[in-house]
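> Test case, fold it:
(2 chains)
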Amino acid sequence: MFSNFPATPPQASSFSREHDIIFYALLALTIIFTVMVGIGVIYFVIKYKRGSDADRSRPIYEDARLETAWSVIPLILALIMFYFGTKLFITMRVPPADAQEIFVIGKQWMWHVQHSNGVRENNTLHVPAGKPFKLTMISQDVIHAFYIPAFRAQMHVVPGRYTTMWFTPTQPGKYHLFCSMYCGTQHSEMGGTVVVMEPREWANWIENGGQSQASLTLEQSGERLYKQLACNNCHGAEDNMRAPSLYGIWGKKRTLTGGRTAIADQSYLRESILRPHNKITNGYSNTMPVYDGQINEEDVLKLMAYIKVIGSSVGGPSSSGTDTAAAVLNGTKGTMSPFAANAIQYQNSSMRRVDSTPTTRSGELAVNAIAAQQEAKGN
Amino acid sequence: MSAIPADPNVTAVSATPRTETNYLNADWSIKSWLLTGDHKRIAILYLVSVSFFFFLGSIAAGLIRYELTAPAGFILESETYNKVFSAHGIIMVFLFLIVAIPAILGNFLLPLMIGARDMAFPRLNLLSWYLFMAGGILIMGGMINGGVDSGWTFYVPYSSMYANSNVTMVLTGIFIAGFSSITTGINFIVTTHKMRAPGMTWFRLPLMVWALYATGVVIILGTPVVAVTLLCIIFERVFHLPIFSAELGGDPVLFQHLFWFYSHPAVYIMILPAFGVQSELIANFARKRVFGYHLIAFSSLAIAGLGFLVWGHHMFISSESMYQGVVFSLISFLVAIPSAIKVFNWTATLYKGNIRLQTPMIYALGFIGLFTIGGLTGLFLGCLGTDVHLTNTYFIVAHFHYVMVGGAVTAFLGGLHYWWPKMTGRLYPESIAKWNAVLVFIGFNLTFFPQFIVGFMGMPRRYHYYYFAPEFQPYHIMSTLGSTVLALSFIIPGLYLTRSLSKGAKASANPWGAHGLEWETSSPPPTSNFDQIPVVLDEVYDFDPVTEHEQDKAAQALEVPSYLSNEAKSAESEKEKR
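Numbers count the residues shown, from 1 in each chain, chains lettered A, B, ... in the order given. You can find the predicted model right below:
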């Protein structure tokens, strides 16, 4: 409407247009019915007000045809709107196969974003226009919701299970990122900015995420952690007495004790890392320690990324492409030796920074800080 | 049951008692109030306590609105703000909306409307008030002693593992207050089945009774579920019993299913009785039988039934499966139809009526408009594609306030004005009340319409600050201005209704010339409601707008003012009595 007095959110994803068409169609229906009822009420009240000379003879009290008409017509309109709404919803829920994956962790009160090449950011999300992205999200504490109004995209972020959402940004610019599910004291300040960039600009940015050094990829961090936690002591390249090998298990069917089966997907791997006693592979006993409470959601994601690629090198082409584990772990990120900067990187990027409560929100000072500044000025 | 064998010679109208003793002045002692089994006195007890809770909830609402005028707030810390909006939600939902129409108007009217001397279980009825008060006191205690900041929805694991506030005490209070609902619901159902006066067949029941009956069914099917669910939170919070929290091995989404399995039908507990009031007001002030009586009665039952199958529409984006979403969305669209039918039927009732624009009727006409908007905006949220964007925003806040305030509260005010002469035996000042009804309508729209826009723009609900999104501010300012008008329009009736208790003109048995058994006994009614149990010989809403109009004309010809004010009419009927 007016630039400084807007009444609509910007349209910045492939869903925005279709969403708004359905929204305005519903709005038109709302206006038509409200005006119809309103005019009916006002007209009747004026015409049949006590003392008016209107003809009141032969009033009707029931009329099957009228009743059928105003049951069936709204029903048909409702079913039409249901059809279009559902169609859009199914599109929103089924990510295309070529969508690039981004991991999102919600925690009181910040968003932690992990790109698949290892670049991390807090309370911001950088994406290029014109490319589909799939967000795999989990919460480390309470339920949050990842909400980008300009994309018309919103999804709960739940502890204990992965949820996904996807979108294709279309319009470069900066947009609001909100947590829309009440999550405690600083709920309203849990959010930041989604930056949609021109593809070329983004290609530069994602190299190092605005940092001077390229970071480890998720898989590389996962491998480090795999060794650090001594997973490889038991889970080696081949099944042994203590534990089954994890090579090539990604996406495979596992037989559990008692004859149940499970697909080795994200939920299964997460469960088996954190609470291994729940799903024990057939032929093994419950000897693996519980990692629930020992490692955080971020570490789980790293381990999973690693387990996924050691799968691909043994078990044939991976779902994400033709990379083998060796290629993923060693060569794809330019000249820097993957483990040269290990120590620095792991220190820099580890949980300490992530766990601290932010005092700024996407570069702006938080309210308390503003108040303090104003006070200082006043004095 | 306790119905006295009716004398076939007594007509329905002759049940007016001759004594001056009524249920209010029969015994003035406090003990007689606190140990009463009289449904009318229990309704008054509810009226006083519920009004008090409404007042507290409104103060919380005012604080929220004031705070949101500035993007970074004025007076509250975020933690306090969260406690305030939680208090507003909890008080308004559990201590006002669920109780207001059923326990005040329903309790007072149900036996009168069906020609009974009391509810089927008077002591259970009194117990329900005590349970309500116990629950209310615990809830208020929790809010004073530490507060509660989990919102009225108590989503886990926040409420069970993370909230540092006094969630346990408040939940215990809601748990106890739930049983008050259940006992009321049982009373409604049994009373309607067993206590109807001779001749009061099911299809002669006023639509208010149908609505209360449907409400009773929803209450006793739904409330036990939420009671147990809230108990589970308490167990998880206090004993770390793993039920909902993922870190203990539970499932947080399970809680949402259980919670909404009650809390969606609870919306119908709040709005169905309002439909009932609405049907009474429209019929009596249009002087005409409600159009499509049977369809309205059955649509209440259809809503009560379908209402239990749509809870998943609160969870489209909370990781329930896509297919669940599709089914719940379809049923949600279907449940919209019975509500639409009601709106059309009320409008059609006006056709060829003899409409009197008195205060209750102005509320009733306002209800039609506001409920239409409230109901239709519900479609945006039941529609899957648009819900993804709109849920958890101010759009949803505006939607349920249109249904709950624009619908339930407007109907409650209309009903309270309509039955006020019957409940208290006094008349309220008509012209102030009329203008105030218009003020409610204006203030309400000013408050909540801007919230639709700001919600569509993406303002999430339960946000204390929005300094990072200054484009939301104009709408919050409008909304706060409106809420000031709305607050004024709630204070004014509080004043003139209270004043009318002592200063108001005495009401006749039937100051509106309305039709219905409750108008055939004196105002206020005697303790036993009717001197003799009436026999119902005529149909419900047996008005005759044509004859009435001719009588008006004849009166005009005799130079009697065609518009008889309440006062004049009641004076006239006083004379008749003598």
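> In which helix or strand does A:L77 reside?
For A:L77, the element it lies in under DSSP states H and E is helix A:64-93.
> helices or strands next to that helix in the packing?
In terms of contacts (3 or more CB pairs under 8 Å, 6 or more residues apart in numbering or on different chains; DSSP states H and E), helix A:64-93 is packed against helix A:16-47, helix B:322-350, helix B:384-390. (Each C-beta comes from the backbone N, C-alpha and C, glycine too.)
> Just say which of the ones you listed is most tucked in.
helix B:384-390 (a mean of 27; mean count of other CB atoms under 10 Å in any protein chain shown).
> Verify the contact between B:R356 and A:Y48 for me.
No - contact criterion CB atoms under 8 Å: B:R356 and A:Y48 do not qualify, at 10.3 Å.
> which of those two has more neighbours?
Set B:R356 next to A:Y48 and count neighbours by other CB atoms under 10 Å in any protein chain shown: A:Y48 wins out with 23 against 17.
> Quick check: that one vs B:F441, distance?
As judged by CB to CB, to the nearest Å, A:Y48 and B:F441 stand 21 Å apart.
> Same question for A:L125.
Distance, A:L125 to B:F441, by CB to CB: 44 Å.
> again with A:L274
A:L274 sits 56 Å away from B:F441, going by CB to CB.
> Over to A:N282?
A:N282 is 69 Å from B:F441, where distance means CB to CB.
> And for A:L301?
Taken as CB to CB, the span from A:L301 to B:F441 is 54 Å.
> now do B:L241
Distance, B:L241 to B:F441, using CB to CB: 49 Å.
> Which one of those two is surrounded by more residues?
Neighbour count, other CB under 10 Å: between B:L241 and B:F441, B:F441 has more, with 21 against 16.
> element containing the more buried one, please.
With DSSP H and E as the test, B:F441 turns up in helix B:430-456.
> check whether the following helix or strand past that helix contacts chain A.
Next helix or strand after helix B:430-456 toward the C-terminus (DSSP H and E): helix B:473-503. Yes - interface with chain A: helix B:473-503 contributes B:P474 (CB under 8 Å from any CB of the partner chain).
> now the angle between helix B:430-456 and helix B:473-503, please.
160 degrees (axes from the mean of the first three to the mean of the last three CA atoms, to 10 degrees).
> Would you mind putting the CA coordinates of the helix or strand just after helix B:473-503 into CSV?
Proceeding N to C from helix B:473-503, the next assigned helix or strand is helix B:545-557, under DSSP H and E. Listed next in CSV are the C-alpha coordinates belonging to helix B:545-557 (Å, rounded to 0.1, in the frame of the first residue of the first chain):
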residue,chain,number,x,y,z
PRO,B,545,-46.3,-10.4,14.1
VAL,B,546,-49.3,-9.6,11.9
THR,B,547,-51.8,-9.3,14.8
GLU,B,548,-49.3,-7.5,16.9
HIS,B,549,-48.7,-5.0,14.2
GLU,B,550,-52.5,-4.4,13.9
GLN,B,551,-52.8,-3.9,17.6
ASP,B,552,-50.0,-1.4,17.5
LYS,B,553,-51.8,0.4,14.7
ALA,B,554,-55.1,0.4,16.7
ALA,B,555,-53.3,1.7,19.8
GLN,B,556,-51.8,4.5,17.6
ALA,B,557,-55.3,5.4,16.4
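> Just the buried residues of helix B:545-557, please?
B:545-546, B:548-549, B:552 (16 or more other CB atoms under 10 Å in any protein chain shown).
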